[in-house]
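[1] Pasting the sequence and the predicted model now:
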2 protein chains.
Amino acid sequence: MKQYNVAVVGAGVVGKTILEILEERKFPVKSLKLLATSRSAGRSMQFKGQEYVIEETSPGSFSGVDLAFFAGGGASKLYAEEAVQRGAVVIDNSSAFRLDPAVPLIVPEVNPEDIKDHQGIIANPNCSTIQMVVALKPLDDAAGLKRVVVSTYQSVSGAGQEAMDELLQQTKELAEGLEPSPQAFPYVIAYNLIPHIDVFLENGYTREEMKMVHETRKMFHNEELAISATTVRVPVLRSHSEALNVETKRKITAEKAREIWAKAPGIKVVDDPKNLLYPMPLLASYQDEVLVGRIREDISCENGLCFFLVADQLRKGAATNAVQIAELLLKYNLL
Amino acid sequence: MKQYNVAVVGAGVVGKTILEILEERKFPVKSLKLLATSRSAGRSMQFKGQEYVIEETSPGSFSGVDLAFFAGGGASKLYAEEAVQRGAVVIDNSSAFRLDPAVPLIVPEVNPEDIKDHQGIIANPNCSTIQMVVALKPLDDAAGLKRVVVSTYQSVSGAGQEAMDELLQQTKELAEGLEPSPQAFPYVIAYNLIPHIDVFLENGYTREEMKMVHETRKMFHNEELAISATTVRVPVLRSHSEALNVETKRKITAEKAREIWAKAPGIKVVDDPKNLLYPMPLLASYQDEVLVGRIREDISCENGLCFFLVADQLRKGAATNAVQIAELLLKYNLL
């Protein structure tokens, strides 16, 4: 089997998780280069039991690289196009190129074929979008989506390792009667929640909320799809949760939806309330599946379905999806 | 001013908060009797700087009582009717009588006039319902409610003082590397969330979710009102949050809604995202107002409005509303 020269740009929790997933899924890595800002350069990370020293990213870093994973942040705008010019295929977890018509935005369970049009950069969607569309796709195929209303419960790790450390630190400070000083979020997050992720836009939605709208529409090739999102940060360490109310064009019973999801890729139905089984961050963390449960027919509209889903947004919402995109490149002989 | 012989049944966090609110709002208390189960009898609680010893509730406890607050739990079914027979008016925070056609279910900002039909028992709605209907009423008056979709973020204090202690204890145990043993909830709640409050019903909704449906319909005198709720317990100590998507019969702009809410009783508009102002448990706790913000027109439907609201469910969601009901009784000369 052919092996590839791989670079991972970003030394935060997503970069680290990409390394874990590459190893777990036995991606054919010939050589590995770890790149980050000067802040992280010189530190090292593990891959297959070996230490790799992180180098500071520069344009030259991408010479000889076949496949570059950008974990997110400012590096993508600075270096993704440069990497492509030097011959790499880029899988980008930042929002920089997601809505660029020349860039396929891919969730392998949803729109794998779109990858065939790639021109060097392939975008990984926003974490809250990925887990939602994995569940929406089989519904769309079966009954046609009409309107999606989603409220999220997003964990602090969506804001990086510092945010996780800060939540733990704040609970400790509060237990000692100290007043925490928020850094990662505008307010204390311990025992609180914050209905504000990313910046506010003119229409009153946040950019995080509008990402869920625009990215979903792009992947479903349906600019008319009606979606409204409210995104909220909650004091959970890992895994994002979402409450969904979906209207479909044709009636779909809860029983039928459960059946469809049970057979759908990337989904694990966790829906046995009598035995206290429903999706929770506790169950989803460190898993690759999107857990779907609390499935019920919506009593407030025709052809409505309610459900609750949880996924590890560092894995399926970022790293796992990125590595699955790389696997798609292999499958279609695009690398 | 006439003064009243008052009894408070229940020595938990709601009972304690009722005492605080009676004192704060200077309710005309002539005598005060604290009642609870044998477990709490003998302990004491403070009211206006005096200690009151808790007595074990018995049928005879209500002789001479003008007004009895039942804080919730099993006592209502056992003693509420007995208290009425002995001449007391009962304000009941349990779910026992809420849907009884002979019992008015009252939120003073919503349906004050309904109290005039009372036959001894007046019910206080469920906490998540109260804060929602305070915000829905002015919208219904202005534009006519068509459909309400709500997802809740409910704090642990909704399950009592033990649940608050347990959340604090669990975070401490996790920090020490210990495995917590959940008591108040089916799973660990620290850094997790649980999409399960009260029991599951045949239609897949929980009883907590259906309370929001049935109680709202009763107070709005509209059994056709379309409502769907998803209720979720989050690791927040105090105050419940709710994300709402509301469709109205007539168009209402975000600007107009903001204006209406600014003038509505019991509501504080906290909606200045540019200055990072939006409702959060941190801001709502120990307040009586329902904080409403994140107000925006719903991009996914005609005549839709999204907003986020937070209220201290121990105060407006329980104790404050109960004392406001008592004040209504005085206002209408019903006591």
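    Yep, that arrived.
[2] A:T253 and B:T206: what is the separation?
    19 Å (C-beta to C-beta, to the nearest Å). C-betas here are computed from N, CA, C, even on glycine.
[3] The two - which one has more neighbours?
    Comparing A:T253 with B:T206 by neighbour count (other C-beta atoms under 10 Å in any protein chain shown), the higher total belongs to B:T206, at 22 against 13.
[4] measure that one to chain A for me?
    As defined by C-beta to the nearest C-beta, to the nearest Å, B:T206 lies at a distance of 8 Å from chain A.
[5] And for the residue of the stretch 101-250 of chain A found nearest chain B, nearest residue in space, chain neighbours not counted?
    Here the stretch 101-250 of chain A gets closest to chain B at one residue, A:G204, 2.8 Å apart by C-beta to the nearest C-beta. In this structure, A:G204 finds its nearest non-sequential neighbour in B:R296, 2.8 Å apart by C-beta to C-beta, 6 or more residues apart in numbering or on different chains.
[6] And the one you found, how far from A:M210?
    Counting by C-beta to C-beta - B:R296 and A:M210 are separated by 11 Å.
[7] so who does the residue of the stretch 101-250 of chain A closest to chain B touch?
    For A:G204, the contact set (C-beta atoms under 8 Å, 6 or more residues apart in numbering or on different chains) comprises B:254, B:273, B:294-297, B:306.
[8] can you tell me which helix or strand it belongs to?
    Under the criterion DSSP states H and E, no helix or strand holds A:G204.
[9] Return the per-residue confidence for it.
    A:G204 is assigned a predicted lDDT (pLDDT) of 98.
[10] any chance you could map the helices in the stretch 1-150 of chain A?
    Assigned by DSSP state H, counting those that start in this stretch, the helices in the stretch 1-150 of chain A fall at A:13-24, A:75-85, A:127-143.
[11] neighbouring contacts of the second one?
    Pointing back at helix A:75-85 there. For helix A:75-85, contacts defined as C-beta under 8 Å, 6+ apart pick out A:7, A:9-10, A:35-37, A:57, A:59, A:61-62, A:65, A:68, A:70, A:90, A:92-94, A:96-97, A:119-121.
[12] go again using 7 Å as the cut-off
    For helix A:75-85, contacts defined as C-beta atoms under 7 Å, 6 or more residues apart in numbering or on different chains pick out A:9-10, A:57, A:59, A:62, A:65, A:68, A:70, A:90, A:92, A:94, A:96-97, A:120-121.
[13] could you pick out which of these are near chain B?
    Contacts with chain B are made by none of the contacts of helix A:75-85, judged by C-beta under 7 Å from any C-beta of the partner chain.
[14] Just name the closest of the residues you listed to B:L167, please.
    Using C-beta to C-beta, A:G10 is the member of the contacts of helix A:75-85 that lies nearest B:L167, at 33.7 Å.
[15] ranges for the helices of the stretch 201-335 of chain A?
    A:207-219, A:254-263, A:281-284, A:320-331.
[16] how about TSV for those, with mean neighbour count and mean pLDDT added?
    As requested, those are arranged in TSV below (neighbours: other C-beta atoms under 10 Å in any protein chain shown; pLDDT from 0 to 100):
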stretch	mean neighbour count	mean pLDDT
helix A:207-219	22	98
helix A:254-263	16	98
helix A:281-284	23	98
helix A:320-331	22	98
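[17] Which one of the ones you listed lies nearest to A:V148?
    Of all the helices of the stretch 201-335 of chain A, the one in closest proximity to A:V148, counting by C-beta to C-beta, is helix A:207-219 (7.5 Å).
[18] That closest one packs against which elements?
    The contact analysis (3 or more C-beta pairs under 7 Å, 6 or more residues apart in numbering or on different chains; DSSP states H and E) places helix A:207-219 against helix A:127-143, strand A:226-230.
[19] possible to save these as JSON lines with distance to B:A322, mean neighbour count and mean pLDDT?
    As requested, the helices and strands packed on helix A:207-219 are exported to JSON lines (distance: least, C-beta to C-beta, whole Å; neighbours: other C-beta atoms under 10 Å in any protein chain shown; pLDDT from 0 to 100):
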{"stretch": "helix A:127-143", "distance to B:A322": "39", "mean neighbour count": "24", "mean pLDDT": "98"}
{"stretch": "strand A:226-230", "distance to B:A322": "30", "mean neighbour count": "24", "mean pLDDT": "98"}
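[20] Let's have the ones you listed in TSV, adding distance to A:P195.
    Listed next are the helices and strands packed on helix A:207-219 as TSV, based on distance: least, C-beta to C-beta, whole Å:
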stretch	distance to A:P195
helix A:127-143	14
strand A:226-230	7
